[in-house]
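> Mind folding the following:
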Amino acid sequence: MKTSLRDRSVAIARPFEDALSVVVFAAMALLPLGEAAARIIDGRSIPGAIVLVQQLTLWVALLGAALAGRSDRLLALSTPAFLPMRLRGPIRIFASAVGSGIAAWLSIAGADLVRVERAAGGITAWGIPSWLATSILPVAFALISGRIVWHAADSTRGRLLAACGLALPIIFGLAEASAESWALIPSLAVIAAATACGMPVFAAMGGAALLLFWADGTPANAVPGEAYRLTTSPMLPAVPLFALGGYLLAEGGASHRLTRLFTALFGWMPGGLAIVTTFVLAFFTPLTGASGVTILSMGGVLLPVLVRAGYPQSTSIGLVTVSGSIGLLFFPSLPVFLYAFYANVPFERLFIAGLMPGIVLVMVVAGWAASQGWRSGAIRTPFERREARSAIWEAKWDLALPGVVLGGLVAGLVTLVEAAALTALYALVFECVVHRTLSLTRDVPRVVVECATLIGGFLVILGVALGFTNYLVIADIPTLLLEWSKARIESPVVFLLALNLFLVAVGALMDIYSAIVVVVPLILPLAGAYGVEPLHLAVIFLANMELGYLMPPMGENLFLASYRFNQPLPRVYRSTLPYTAILLLAVLLITFVPWLSLWPLSVLEQNGQLTP
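As a prediction, this is how the structure comes out:
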């Protein structure tokens, strides 16, 4: 059998992409570690190391996005699942045509940015030209565009139809904005329709930004130029590094060690296994950076255990789905870091503010599931001192990780990015050397590529969403919203109720990372006008995003649970409904009792352990 040209190209490109991702990730981790070691040993630093790490963050984002496009895992709405089978094919081709055209437009705009940077002759670090750092933009978006076309259909005819979208940048490149401004609204409507039909979210954000700048007469390279701003963030490199550490722990069997530990400590209680499940999933969600990853990776392990122990299947499906959706308020949650960056609030204060509300969310879910297990007569595990001691000893390194990382941060020995690199190194050493559950040559590269795929899937959204947000700011949209809200809503209580409804809808329709970039700049001035404390607003936002993941009919984690457990969506809805109702009450409690968020901060400030 002859090998097709595409099969040969994939066989060549795949190892190269994977190897490049591993090398970039390794450099991202080693540079901060070298910086920290040099500073601790002799007080020196590595010139340009952090700047280079920031540049590598852009490469990880776009390489990962290309990997996500390769495996058809770019983040998108799941609405096509509601359509009849006969309509899904044409709808996918339509969404892919628009998405590939936007990605091609971004690639052309990225190439123009490279040209501008090359003409400027700027240098980033270690003598590397700035145009070389930006060169990943046109290459990655071109790869994504081609891969969207390829995954549009299984037939050549379907792919050719999707490829018609590649004419999009040519059409708008030839059109004059001043003469064709009438096309803006219909074009935005097409993007909205394509997004609803499953077009990747990054294409929706990027396409809207390109159109708005086009109508304004601004060069298209402004959008990838805003994406390049990712390299100016001193904190953003911590996001992929923390995610890598979490992935290594998850793949290395930390979930099994913690499950054994929590079972030994709490399995004797009525509904103890439900409590164990909630704790384990809530523990791993902030490590992996995405609640959906927790459901997909651990749900299949824990669900059969719950059912065998006598928990009703509906209760078990609901518990695993919901428990995988909470925990985003705990360290080292990536959304917390990103929110802190875009809202300009200290991340350490935000983690402290989210601690008690996060515990409330975990306890209400665990309490309800435990009560259902107790009513159904679920099996309990007798408490044994020897097993508890053995489980604690086995999980000691997993339990020590937060203390090591937080201790280094509090003591001022490491920066946030260095702490993230330390987390990745810690996980690598203990999974490959101490526990020996991962092979350094066989397993670690696979885990790195998987992590890069996830990271790229949402960092590319952040990059293009910066362009969209920048336009909103230029157009003074936050001020207009503030004036509209103040003219119609006088009571802070009514405002908070309206804010909750809005954020739950956002959480059901938009992933949390793009919501942070797009929505947070809009609600910050609104909340300030009604006297909402910024850290309390952050907790409200994140808690509502968690709830939005579970809100029928569009909540992202509902679709993931349906896929993972091979259950129809209506059954997943019924399984999660009691938990969703309880979480809604908990979120309202968090919203209207700011003491839960602010009291720990005031206590630490009074004791001199936290600077006001």
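
> where does the stretch 1-150 of the chain dip in pLDDT?
Residue ranges of the stretch 1-150 of the chain with pLDDT under 70: 1-12, 78, 81.

> ok, Met85 - how many residues close by?
6 (other Cβ atoms under 10 Å). Just so you know, the C-beta spots here come from the backbone N, C-alpha and C atoms, and that holds for glycine as well.

> Just want the phi and psi numbers for it.
When read as degrees, to the nearest 10, the backbone of Met85 gives phi -60, psi -40.

> same deal with Ala109?
Ala109 has phi and psi values of phi -60, psi -40 when expressed as degrees, to the nearest 10.

> Which residues are in contact with the closest residue in space to it that isn't next to it in sequence?
For Ala109, ignoring the flanking residues on the chain, the nearest one in space by Cβ to Cβ, 6 or more residues apart in numbering is Ala220 at 3.9 Å. Each residue near Ala220 by Cβ atoms under 8 Å, 6 or more residues apart in numbering is listed here: Trp105, Ile108, Ala109, Asp112, Leu210, Phe213, Trp214.

> Tell me the secondary structure of Ala220, please.
Following DSSP: H, G, I helix; E, B strand; the rest coil, the label given to Ala220 is coil.

> any idea how far Gly467 is from it?
According to Cβ to Cβ, to the nearest Å, Ala220 and Gly467 sit 10 Å apart.

> who touches both of those two?
Both Ala220 and Gly467 are contacted by Leu210, Phe213, under the criterion Cβ under 8 Å, 6+ apart.

> What's the separation between the closest residue to Ile489 other than its chain neighbours and Leu524?
In space, and not counting its chain neighbours, Ile489 is closest to Phe495: 5.1 Å by Cβ to Cβ, 6+ apart. Using Cβ to Cβ, Phe495 is found at 13 Å from Leu524.

> Hmm, Asp345 is touching Glu533, no?
Check again: residue 345 is Val, not Asp. No. Here Val345 lies out of contact with Glu533, judged by Cβ atoms under 8 Å, at a distance of 10.1 Å.

> These two: which has the busier surroundings?
Ranked by neighbour count (other Cβ under 10 Å), Val345 and Glu533 place Val345 first, with 18 against 15.

> Flag the shaky bits of the chain, pLDDT-wise.
Judged by pLDDT under 70, the stretches of the chain that qualify are 1-12, 78, 81, 174-182, 288-294, 296-301, 553-554, 560, 563-564, 609-612.

> Wait, the residue nearest to Ile489 touches Arg488, no?
No. Contact criterion Cβ under 8 Å: Phe495 and Arg488 do not qualify, at 9.9 Å.

> which one of these two has more residues nearby?
Shown here are Phe495 and Arg488; by other Cβ under 10 Å, Phe495 has more neighbours (20 against 10).

> Which helix or strand contains that one?
helix 492-509 (DSSP states H and E).

> Determine the longest helix present in the chain.
helix 5-42 (DSSP state H).

> Work out the gap between that helix and the centre of the chain.
Counting by Cα atoms, centre = their mean, to the nearest Å, helix 5-42 is centred 21 Å from the centre of its parent chain.

> Also stretch 442-453?
The mean C-alpha position of stretch 442-453 is separated from the chain mean by 17 Å, Cα atoms, centre = their mean.
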